[in-house]
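Asker: Predicted model and sequence follow; I will ask about them next.
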Protein chains: 2
Amino acid sequence: MTYCVALKLNQGLVLLSDTRTNAGVDNISRFRKMYTWEDPGNRAIATMSSGNLSITQGVTNRLSAAIKRAEAGEDVETILNAPTMFRVAQLIGETMRDMQERHRATLLEQGAGADALILVSGQIKGGDHRVFMVYSAGNFIEATEDTPFLQIGEHKYGKPILDRVITPETSIGQALKAVFLSMDSTIRSNLSVGMPLDLAVIPANEYRFSTLRRIEPEDADWQALSNGWAEGIREAFEHLPEVELG
Amino acid sequence: MTYCVALKLNQGLVLLSDTRTNAGVDNISRFRKMYTWEDPGNRAIATMSSGNLSITQGVTNRLSAAIKRAEAGEDVETILNAPTMFRVAQLIGETMRDMQERHRATLLEQGAGADALILVSGQIKGGDHRVFMVYSAGNFIEATEDTPFLQIGEHKYGKPILDRVITPETSIGQALKAVFLSMDSTIRSNLSVGMPLDLAVIPANEYRFSTLRRIEPEDADWQALSNGWAEGIREAFEHLPEVELG
């Protein structure tokens, strides 16, 4: 499985993904699930994916191949020349649909799953910073004020902390803590989600990544936060009054 | 859906279930999922169930009907005269298998689900206090020292807090806080789990329920704990240092 989360805050976008994939519990591998594209000062775009890895890698490869063709002078629409984030989400949705058309029937015939989800986050000069979730069918939804975060993969373990603290007004500093703790709870409770992590931050109206960082298990910041949270939770728990029993 | 949790601690058994069932989000009802049987000083047994409600209610009805027949003098094995908790789990497993044989094929034919799970907890004089999880096929597993709690239904939201605090040595007082907080996180994040709750405690080697309590949303203990925890989590979160970004 996978766990990826994208926050859409007034201050910008905060994105975090794990890197574990598995085909059964006895076949665990490490694969990057976050891909980023940047034209600093003009656009910054990131995708994070869950589901069938051959499908999502196929989508990413096609997006990159289109960019190379455009760079070579071919007249082709890509996520680096699309005019809006909405059009970027559409392009990724169309690529997803192509991949599904190519492989879905055979995969299902053989008892494998073909479903996949892609979180598309970013900002293009002239538009807002936005987060979309692209489904297997190529359709998509968007994060809004009411739901300022979208999750894919093993989203349940880490949802309570996000529900408690994330609003559009949350600062990027606080949001980083929240996504780390959300990931920490997930990793502790589910073997199919694992380190290292990929973190990206796109500040609003800067059209660039202010942070692109791989976080290894021995990362000092990660460990301080994980241990501090374990300690904080235990203390909060100890300080709660015991329940009187009727 | 449902959320039920059973803790097997050195001090005894702590059981908590919600009461929400739904057939689609537009058909939400309240059904008791916890059933208890007691012969004070000799045995105390509780079941909690998830999955197809007609199946699990059918199991409960058959268990009760057998008890009535035995009370009327018939020579029939029931969960109130079975010699051990292991045999009780077997009887419930056999009843589950009968119900599945009767209904499963037709249910699946019509596109409905027939799966169900029953947590069987209790202690009979002469044996230990034990917790079993009975599957649709009638087979079952048991909570052990290594895994002192079993959950059914929407178990993911509330697992991190249990993973963090529950060991066999946890006191019943602390355990009550933990199961309430586990339920609180689940209810906040998932519409298909809802109040009121049913709580039961079976202290080790007393063969009786020391607590059997329905907890309504306006219950003062519940509200104090839920609000205190929200406050405690927020404080722990605020006190964590912000992450330095590389």
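Answerer: Looks like it arrived, so ask away. Values in this document were obtained by computation on a predicted structure and should not be read as measured data.
Asker: Show me what the longest helix that chain A contains is packed against.
Answerer: When chain A is parsed with DSSP state H, its longest helix is helix A:85-109. Counting contacts by 3 or more Cβ pairs under 8 Å, 6 or more residues apart in numbering or on different chains; DSSP states H and E, helix A:85-109 packs against strand A:43-51, helix A:53-71, strand A:116-124, strand A:129-134, strand A:140-142. The way it works is simple: take the backbone N, C-alpha and C, and place the C-beta from them, glycine included.
Asker: packing partners for the longest one?
Answerer: Of the remaining helices and strands, those touching helix A:53-71 by 3+ Cβ pairs under 8 Å, 6+ apart are strand A:34-39, strand A:43-51, helix A:85-109, strand A:116-124.
Asker: do that again at 6 Å, thanks
Answerer: With contacts defined as 3 or more Cβ pairs under 6 Å, 6 or more residues apart in numbering or on different chains; DSSP states H and E, helix A:53-71 has these neighbours: helix A:85-109.
Asker: in the helix it packs on, what's buried?
Answerer: A:85-86, A:88-93, A:95-97, A:99-100, A:103-104, A:107 (16 or more other Cβ atoms under 10 Å in any protein chain shown).
Asker: for these, which one is nearest A:Gln11?
Answerer: Nearest to A:Gln11, judged by Cβ to Cβ, of these is A:Met85 at 17.2 Å.
Asker: What's the separation between the closest one and chain B?
Answerer: Look at A:Met85 and chain B: by Cβ to the nearest Cβ, to the nearest Å, they are 23 Å apart.
Asker: Identify the residues contacting that residue.
Answerer: A:Gly122, A:Ile124, A:Gly127, A:Arg130 (Cβ atoms under 6 Å, 6 or more residues apart in numbering or on different chains).
Asker: What are the contacting residues of stretch A:5-21?
Answerer: If you take Cβ under 6 Å, 6+ apart as the criterion, stretch A:5-21 is touched by A:3-4, A:29-31, A:33-34, A:46, A:48, A:53, A:119, A:121, A:129, A:131, A:143, A:148-151, A:168, A:170-172, A:175, A:179, A:183, A:193-194, A:196-204.
Asker: so which of the buried residues of helix A:85-109 comes closest to chain B?
Answerer: Of all these, the one with the least separation from chain B (Cβ to the nearest Cβ) is A:Arg104, at 21.6 Å.
Asker: For that closest one, give me its contacts.
Answerer: A:Ala114.
Asker: just A:Phe31 next, same as before
Answerer: Neighbours of A:Phe31 in contact, by Cβ under 6 Å, 6+ apart: A:Thr21.
Asker: Report the angle between the longest helix of chain A and helix A:53-71.
Answerer: In terms of direction (axes from the mean of the first three to the mean of the last three Cα atoms, to 10 degrees), helix A:85-109 departs from helix A:53-71 by 140 degrees.
Asker: pLDDT of helix A:85-109, averaged?
Answerer: Average pLDDT, helix A:85-109: 96.
Asker: do stretch A:13-23 as well
Answerer: What stretch A:13-23 shows for mean pLDDT is 90.
Asker: and it, how far out from the chain's middle?
Answerer: 6 Å (Cα atoms, centre = their mean, to the nearest Å).
Asker: Provide a ChimeraX selection command restricted to the buried entries of the contacts of stretch A:5-21.
Answerer: Applying 16+ other Cβ under 10 Å to the contacts of stretch A:5-21, the buried members can be selected in ChimeraX as follows:
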select /A:3,4,33,34,46,48,53,119,121,129,131,143,148,149,150,151,170,172,175,179,183,193,194,196,197,198,199,200,201,202,203
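Asker: Sort out which of the contacts of stretch A:5-21 are in helices and list them.
Answerer: Under the assignment DSSP H, the contacts of stretch A:5-21 contribute A:Leu53, A:Ile172, A:Ala175, A:Val179, A:Met183 to helices.
Asker: would JSON lines of the helices and strands packed on helix A:85-109 with mean pLDDT be doable?
Answerer: JSON lines is the format used below for those (pLDDT from 0 to 100):
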{"stretch": "strand A:43-51", "mean pLDDT": "97"}
{"stretch": "helix A:53-71", "mean pLDDT": "96"}
{"stretch": "strand A:116-124", "mean pLDDT": "98"}
{"stretch": "strand A:129-134", "mean pLDDT": "98"}
{"stretch": "strand A:140-142", "mean pLDDT": "96"}
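Asker: and those as JSON lines, adding distance to A:Val14?
Answerer: Listed next are these as JSON lines, based on distance: least, Cβ to Cβ, whole Å:
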{"stretch": "strand A:43-51", "distance to A:Val14": "11"}
{"stretch": "helix A:53-71", "distance to A:Val14": "21"}
{"stretch": "strand A:116-124", "distance to A:Val14": "9"}
{"stretch": "strand A:129-134", "distance to A:Val14": "10"}
{"stretch": "strand A:140-142", "distance to A:Val14": "16"}
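Asker: With A:Ser226 as the reference, name the closest of these.
Answerer: Closest to A:Ser226 of those, according to Cβ to Cβ: strand A:43-51, at 21.0 Å.
Asker: quick revisit: may I ask which two of the ones in helices among the contacts of stretch A:5-21 are separated the most?
Answerer: Distance extremes for these: the farthest pair is A:Leu53 and A:Ile172 at 30.0 Å, using Cβ to Cβ.
Asker: Would you verify that A:Gly232 is located in a strand?
Answerer: No - per DSSP: H, G, I helix; E, B strand; the rest coil, A:Gly232 lies outside any strand segment and is helix.
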